[in-house]
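Student: Whatever this is, show me its structure:
(one chain, ligands or ions: 1)
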Amino acid sequence: MLPIDRAEGVYLYDTDGNRYIDAIASWYTSVYGHCNPYITEKVHAQMNKLDQVVFSGFTHRPAIELAERLLQILPGNQQKIFYSDNGSTATEIGIKMALQYHHNQGRKRAVLLAFENAFHGDTFGSMSVSGLSVYNGPFEDWLIEVERLPVPNDSNIDEVIHLLKNLLSEKEVAGFIYEPLIQGAAAMKMYKADHLNMILKLCRDQGVLTIADEVMTGFGKTGTNFASDQVPTKPDICCLSKALTAGLMPMGATSCTEEVYQAFYSDEISKGLFHGHTYTANPLACTAAMAGIDLLTSAEIQKNIEDILESHRLFDQRIRNHVNVSNTRQCGIIYALDLNTNMERYGKQRDKLFQHFMSAGVFLRPLGNTIYIHPPYIISSDDLNTVYDTIETAIEYN
Ligand SMILES: Cc1ncc(COP(=O)(O)O)c(C=O)c1O
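Tutor: Next up is the predicted model:
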């Protein structure tokens with residue numbers, strides 16, 4: 001365990017004073033840089049006004065304003081926001097919304113649909129729909145019933161659609177949860193918007209609620225505010241966290257359409273969605289999120305995102321034909337490559353690669369033989385070039 005002492009901009013500093021470029025934005029959160037003064041000043045002011053209050057029977061301005069701001073940038077069909085406090089609870093709530101949506105209308109639909117190798121979090125609902133057994137294996141016997149679809153590609157799309165049609169006719173499917181365009185924990189596996197759209201349309205036709213887990217992809221990562229912006233069929237529910245608060249505070253939010261909301265809005269108390277955490281809609285987290293949206297929508301950050309997209313493209317040309325590289329891919333500011341070698345996800349060879357990066361002052365976190373970059377939007381071209389050069393050395397000596 002490396003003790004980290006402080007962070008500023010794109011840099012992390014350990015307790016010995018060593019500096020590391022945070023090339024994965026601390027698990028896709030600190031996209032505007034660490035301890036960004038624009039955000040910390042806003043949160044500081046809020047701290048002196050209202051720090052925390054029960055979000056049951058009470059509300060407050062930061063929560064109301066943030067909901068309005070989120071609805072301005074989310075896909076147009078999203079109408080309501082449900083707050084929580086991390087990514088797993090954002091998806092857990094999305095899953096509960098889908099199950100209870102049908103239950104409230106007297107339908108028994110208890111099966112969920114998810115992609116193979118998905119990752120949606122560590123609570124029981126989100127573990128159920130996650131397909132990576134390394135995280136959820138010991139709990140298998142207690143999980144919700146889930147049917148899995150292979151991630152679509154040009155070769156298997158017909159097969160996937162055939163399987164989906166069968167599942168939809170045989171099973172009582174309540175909802176389909178998916179990481180739009182890119183599966184992070186599955187080693188940045190990317191797939192086409194067209195293929196996803198075909199799946200979403202079929203789900204929609206069968207009254208299956210679609211749940212976009214935008215926990216990783218949200219807030220500019222894929223080159224648009226949300227990955228769902230690139231898919232014509234919009235989700236019924238969106239799950240948000242990570243860059244939502246720019247890495248400053250833990251927070252989750254789950255948005256839904258008016259139609260989903262109406263299935264819960266009733267004088268019968270049992271129709272309500274009873275899911276409340278102590279820190280739900282914490283005013284400081286809401287304030288950090290609003291400051292993050294200010295930055296995301298600024299011309300400067302939009303230009304930075306464009307520049308990173310172009311830099312990645314040029315880097316790709318440099319390395320994609322290297323004999324030690326078996327695949328490269330890019331989705332927005334996320335760039336990934338596979339080394340042409342077999343490597344365990346958590347093994348000695350992978351650790352050696354990690355140490356190579358750290359000793360060069362670059363924090364990258366390979367997933368097996370996949371090296372990926374998720375730079376903060378504010379990274380300078382010099383620092384981004386250092387990241388690329390360090391990766392190129394790793395490829396050379398692999
Ligand atoms: C797509 C996706 N969903 C959900 C989660 C869970 O978020 P958290 O770690 O905040 O619980 C993650 C975390 O990596 C994620 O990538």
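Student: When you work out contacts or count neighbours from here on, use the C-alpha atoms and nothing else.
Tutor: Fine.
Student: Need the nearest residue in space to E147, chain neighbours excluded.
Tutor: Leaving aside its sequence neighbours, E147 sits nearest to L113 (Cα to Cα, 6 or more residues apart in numbering; 4.9 Å).
Student: any idea whether the residue nearest in space to the middle of the chain is helix, strand or coil?
Tutor: In the chain, the centroid-proximal residue (Cα atoms, centre = their mean) is M216; its distance is 1.5 Å. Put simply, M216 is coil when judged by DSSP: H, G, I helix; E, B strand; the rest coil.
Student: Which pLDDT value belongs to it?
Tutor: pLDDT recorded at M216 is 98.
Student: Return the residues in contact with it.
Tutor: M216 makes contact with Y28, G184, L240, S241, K242, A243, according to Cα atoms under 8 Å, 6 or more residues apart in numbering.
Student: mind putting the residues you listed in a markdown table, secondary structure and distance to the ligand included?
Tutor: Listed next are the contacts of M216 as a markdown table, based on DSSP: H, G, I helix; E, B strand; the rest coil; distance: Cα to the nearest ligand atom, whole Å:
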| residue | secondary structure | distance to the ligand |
| --- | --- | --- |
| Y28 | helix | 8 |
| G184 | coil | 6 |
| L240 | strand | 8 |
| S241 | coil | 6 |
| K242 | helix | 6 |
| A243 | helix | 10 |
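Student: Just the buried residues of the residues you listed.
Tutor: Y28, G184, L240, S241, K242, A243 (16 or more other Cα atoms under 10 Å).
Student: Present the residues you listed as TSV; the columns should include pLDDT.
Tutor: Below are those laid out as TSV (pLDDT from 0 to 100):
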residue	pLDDT
Y28	98
G184	96
L240	99
S241	98
K242	98
A243	98
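Student: Pick out whichever of those sits closest to R350.
Tutor: Using Cα to Cα, G184 is the member of those that lies nearest R350, at 17.3 Å.
Student: that older thread, go through the contacts of M216 and say which is closest to P376.
Tutor: Relative to P376, and with distances defined as Cα to Cα, the nearest of the contacts of M216 is Y28, at 8.0 Å.
Student: which stretches of the stretch 1-150 of the chain form helices?
Tutor: Along the stretch 1-150 of the chain, the stretches classed as helices by DSSP state H, counting those that start in this stretch are 25-28, 37-47, 61-73, 87-104, 124-129, 133-136.
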